[in-house]
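Q: Below is the sequence, then the predicted model.
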Amino acid sequence: MALRKFFIKRLFQSIIVFLACSAIIFTLVRLSGVNPITSILGGGKETPEAIAAVRIKYHFDQPLLVQYFFWIGNIFKGNFGESYKFLQPVTTLIMERLKVTTGLILISLMITPLTAIAGGMLSAVKKNTWLDRFISISSLVMLSIPSFLTGILMIFIISTFTPGISFVGSFQNLGEFFLRLIFPAIALSLSNIAIVLRITRNKMIEQLNSNYVLNATAKGLSFRRIIFGHAFKNALSPILTIVGIQIGAMLSGTVLVENVFALPGVGSLLVDSIKASDYPVVQGLALLFIFVFVSINLIIDISYGIIDPRIRVNKS
Amino acid sequence: MRRKLILKLKNQPLLAPSISIPFLILAIFVTGAIFAPFLATHDPNRLDLANTLLMPSRDHLLGTDNEGRDIFSRLLFGFRPTLLGAIGVVGLASIVGVFLGMVCGYFEGLIDTIVMRLWDINLAFPTLLLAFVFVACFGKSLMNVVFALGIIFMPLITRLTRSLVLTEKNKTYVEAARSLGYSHLRILFVHIFPNCIQTILVQVAISLANAILDLSALSFLGLGVQPPTADWAVMLQEGKASFLSSPVVVLAPGIAIILVIVSINILSDGLNTYQASGKE
Amino acid sequence: MITMDKVLSISNLNIKLHTNCGTIHAVRGINLDIAKGEIHGIVGESGCGKTVSAKAILRLHNDLFTNYSGEIKYDSKSDILKMTNKELMNLRGKYISLIFQDPVQSLNPLLKIGGQITETIRAHSKLNSREAYIKAVSLMEDLGIHPAEERFNQFPFELSGGMLQRVMIAAAISSNPRLLVADEPTTALDVTMQAKILDLFKEIRGKTGMSILFITHNFGVVAEICDRVSVMYAGKIVESGNVKDIFRRPAHPYTKALIESIPKAKQTGKRMIAIPGSPPELSCEIKGCAFAPRCEYAEEKCFSESPREYKISDSHINLCHLKK
């Protein structure tokens, strides 16, 4: 019961945060000072009739608040407006390119937490050994290389040693799709892995030094039971927090990786639209990114409630 | 007491290699950036289409790029926009963040709730997204990007400062100061602030590394520093295509970025342990 | 009641702990025998090495940062300091159990309390989860955790400190250990709860014949439940003997001072007596008797020579130059 109440409260908070974000994006676009009518019509075609038609079509004659509600209402109906540049519905544009980006993120989500948590726990358990030092140093270096640089270096190394692999071209089947995306996904994941790994190590060391672990040792429990049954469970909440934050970094990271590997995903659409001041697309993509980010963090928040009985009962 | 002092001087942790080496590397890069006009061997922006993609030689220490510009000179100048931008980002974020964090932590109540909710909304933007929207609205320029990143970095510093103030304000020295009738402002800035500054500085160092990474990312996408201005990320974007024929074009700025970020990260790690051992 | 069977015998135990701030010579050659069925108290101020010794009995210090010398023999046979990890795992919780000072921090906040009892039972027996559940519930009933079946599924934050200490005791005695080491088990509790927990220890000893090593800084508690007591100061046992003998005829000046400083109900109006000065730092070597700087009877010899053990009677040992 308590868990359900907690869930509803978090869901409600997430919706408010999402609406607030959408309002900020909407306001920023309107504050920009660029005349959207000119952008829609393009240079030279600004006859008074055309302007009037556009004003009515896009509700520019209404007050800003009303315009916002028109916009957000349409979005809930799945209508993100029409791209100024491509003259196509934003939804269609995004859907066309969603496959690549979703693939990238899913593969990264499969690699990142597993590698990072395994590495961090290994490092914590083997604290102060050469293995721990090796993991610590390599994670510090991984953390310091921007994903676009990792991508460039990967292309260089792979094309030097195995010239057969091509990074351009289309993909027909799932296997090819996976093969095309695996390297960009690794480039996207490395620094996130490093961050999550370092947190895992710190939190595990903290838990392994705690009184209840000492007590568990005194009770004669096996090392494995102490690590997985006790320490890891308690370290999990802070690790999940960081994973949640890093998913945000991962979402914006797709933009860079798609640029480096010339992948036709929503990230490259975003960059093109920013450069072309194609506001409906930028707005739509920004909302999509925020929606995904807020949803994932909602799931993580709820999993705290499942892990930690104290949250379930005492609200937060 | 005296024996402890001597011991402390003997193993002075600030001279430990984990602090001194990264500090030295950073010092070299920063000096290079400051004195770039004197150290550069060529004009970083002069095109020389007859001598593109040259290998390193005595004339061109690191060779030339695809438009014949001297890579060594561009490398020296190329740290300037990012460094200045990152300092701007972190400066903006720390001034606002520390102030808000102190006020929220000390007074709590309504201001605290409002600011924290606002930052929750800010944190709902995946890292670079707010910067993307900013650039889309106000144009591609380093200034806009710095401003956007400054706002993105504020919540972290606010939260940290706030939590530090929350723990500090319940300590006896604050109660003592309050019972002596000092004003809130005096207690906050003269008594509490000095006890928080060390931890905040470590966070500032980490933020600096992240600011450089994020600025480079935006410049790489062509949304921050604009070509032909010499900048490491711009150099990477321009050199990407000719990487296979002339690796120096990418390796030079790439290694430079990695060295700088690794150094800052090791330095902040080192400062962190130094600070932890000081508290022991 | 006291037989000559020794459950545990510690001889010449020295423990050096390596920390960030240098090496601490925390325990400096202690000898201690615990007979079957007795409750043995260790009293001393905080930092005198009593907790370090207690943890050493189960070798809970990190082996990498700890130097042991001497012997800790379990059941007059195997030396705990020489055991392999596997032997240690089998010893801990099965033959020797430890109860820590703060039950709130010693129980995992995310696990049900019942599970924290059954995991000990299952680690040391072949019972299946159903049988372990039944055993845990009956143990909880015996120890006054009512209603046991409901409490079984609760989390530590839902129980009071006193109840949590009962849970700790339940887990500790679940495998019928020969020796129960209790490290200040009542310090974190309020006074009424303290008395109840002390009664519980007496009851356990009466029922099972378990030996108990009871560590405390409170001489009043010692008087209440212990058969024998050892007084620790600066890493050494300065006096040990039967509780009655020590209370009637304390031989060591430190013991005298400790007993005098117990607040007594009848002495209203008098000032509380405190021992002047503070114990020495254990990071440096100590010349002479460690208590000499605070001792009102100290002579020149006390500052230069380490005192030797002196037998007042067969069971009463004193570590002092002044043999009276």
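A: Structure's in. What do you need? Numbering: from 1, shown residues only, chains lettered A, B, ... in the order given.
Q: where in the stretch 1-150 of chain C is pLDDT low?
A: C:1-4 (pLDDT under 70).
Q: hey, where'd the strands end up in the stretch 1-150 of chain C?
A: According to DSSP state E, counting those that start in this stretch, the stretch 1-150 of chain C carries its strands in the segments C:6-19, C:22-35, C:39-43, C:66-74, C:78-79, C:96-99.
Q: Which residue, other than its chain neighbours, is closest to residue A:107?
A: Closest residue to residue A:107 in three dimensions, ignoring its sequence neighbours and counting by C-beta to C-beta, 6 or more residues apart in numbering or on different chains: residue A:185, at 3.8 Å. For glycine as for every other residue, the C-beta is placed from the backbone atoms N, C-alpha and C.
Q: and the one you found, what is it in contact with?
A: A:103-104, A:107-108, A:111, A:257 (C-beta atoms under 8 Å, 6 or more residues apart in numbering or on different chains).
Q: Determine which of the strands of the stretch 1-150 of chain C approaches residue C:176 most closely.
A: Set against residue C:176 and scored by C-beta to C-beta, those come closest in strand C:96-99, at 9.5 Å.
Q: Whether that closest one contacts chain A - can you check?
A: Yes. Residues of strand C:96-99 are located near chain A by C-beta under 8 Å from any C-beta of the partner chain, namely C:97-98.
Q: so how far is that strand off the chain centroid?
A: 10 Å (C-alpha atoms, centre = their mean, to the nearest Å).
Q: Kindly report the same for stretch C:283-290.
A: The answer for stretch C:283-290 is 24 Å, by C-alpha atoms, centre = their mean.
Q: How about it, which residues are buried there?
A: C:286, C:288-290 (16 or more other C-beta atoms under 10 Å in any protein chain shown).
Q: Provide the partner residues of residue C:319 in its beta bridges.
A: When assigned by DSSP bridges, residue C:319 has beta-bridge partners residue C:309.
Q: count of residues packed around the closest residue to residue C:118 other than its chain neighbours?
A: Nearest non-adjacent residue to residue C:118, counting by C-beta to C-beta, 6+ apart: residue C:132, 4.2 Å away. Using other C-beta atoms under 10 Å in any protein chain shown, residue C:132 has 21 other residues around it.
Q: Residue C:183 too?
A: When neighbours are defined as other C-beta under 10 Å, residue C:183 has 22 of them.
Q: where exactly do the helices run in the stretch 51-200 of chain A?
A: For the stretch 51-200 of chain A, the helices defined by DSSP state H, counting those that start in this stretch occupy A:64-76, A:90-125, A:130-144, A:147-161, A:174-208.
Q: got the ones you listed as a markdown table, with mean pLDDT columns?
A: Formatted as a markdown table, those follow (pLDDT from 0 to 100):
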| stretch | mean pLDDT |
| --- | --- |
| helix A:64-76 | 83 |
| helix A:90-125 | 91 |
| helix A:130-144 | 92 |
| helix A:147-161 | 88 |
| helix A:174-208 | 90 |
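Q: Highest mean neighbour count out of these?
A: helix A:174-208 (a mean of 21; mean count of other C-beta atoms under 10 Å in any protein chain shown).
Q: low pLDDT regions in the stretch 1-150 of chain B?
A: Counting by pLDDT under 70, the stretch 1-150 of chain B has low-confidence residues at B:1-14.
Q: Near chain A, which residues of it? Just list them.
A: By the rule C-beta under 8 Å from any C-beta, the part of the stretch 1-150 of chain B lying against chain A is B:120-121, B:123-129, B:132-138, B:140.
Q: Show the buried residues in those.
A: Using 16+ other C-beta under 10 Å, the buried ones in the residues of the stretch 1-150 of chain B next to chain A are B:121, B:123-129, B:132-138, B:140.
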